[in-house]
Each structure stands twice: as C-alpha cells, then as structure tokens.
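*Asks:* requesting a structural model of the entry that follows:
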Amino acid sequence: MDGEDALGRDSADELIEKADPDDRATNVIFKSTDGYTTILTLDYIRERNSILAGSLNGIKLPPAQCFPLIVVADDRLGYKWARWVE
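*Replies:* Take a look at the predicted model:
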C-alpha cells in the first residue's frame, strides 16, 4: 500500500469548497487547538492536492501526535504541518 492510500484523509480543497469561501480568497488559515496558526495559499493546496490526515494505516493518530487532524504539506518545512487542527 502506498503512503497516500495508507493515510486516513480528507482533501483540504474539498473541505475548503464546503466552507464556500469568498471568490477573492487566496489563502487558507489553519488553526490548531493550541492556538497555533499557519497559512497556505489556495493555489498550493489545489496544485498539490493537500490533505488533512487523521490516521495512518487505519490507526487513528494519537492526541500527542496530532488528533484530530494534521495538515500534510509534503514539500514544506515541519512548522507548516499544523497539528491538532480544529
């Protein structure tokens, strides 16, 4: 099983579309339960099909790691991988 199939995931783009953002929006702010925020551009999210993961290989990620969700930003430094996203 490849890494993409192994992740319990939701497409960030699909979730953003459900939120019905303003047509002028260019960035997405992800907020963690601990107050941390990070910003990714909509273009980045769409071009890379970014995801919000909640499990790996069918096992829910534990609270210490990122429960309920972590932003997966493959080619970004770790600080862009926001954990505990609300």
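
*Asks:* where along the protein do the helices fall?
*Replies:* Taking DSSP state H as the criterion, the chain carries its helices at 3-6, 12-18, 42-48.

*Asks:* do you know which of those helices lies nearest Asp75?
*Replies:* The minimum distance between Asp75 and these falls on helix 42-48, with 7.3 Å, by CB to CB. For the C-beta atoms, the positions are set from N, CA and C on the backbone; glycine is no exception.

*Asks:* quick revisit: in TSV, list the helices of the chain along with mean pLDDT and distance to Phe30.
*Replies:* Shown next, in TSV, are the helices of the chain (pLDDT from 0 to 100; distance: least, CB to CB, whole Å):
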stretch	mean pLDDT	distance to Phe30
helix 3-6	42	20
helix 12-18	81	9
helix 42-48	88	10
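
*Asks:* my read is that Gln65 contacts Arg83, right?
*Replies:* Yes: judged on CB atoms under 8 Å, Gln65 makes contact with Arg83 at a distance of 7.1 Å.
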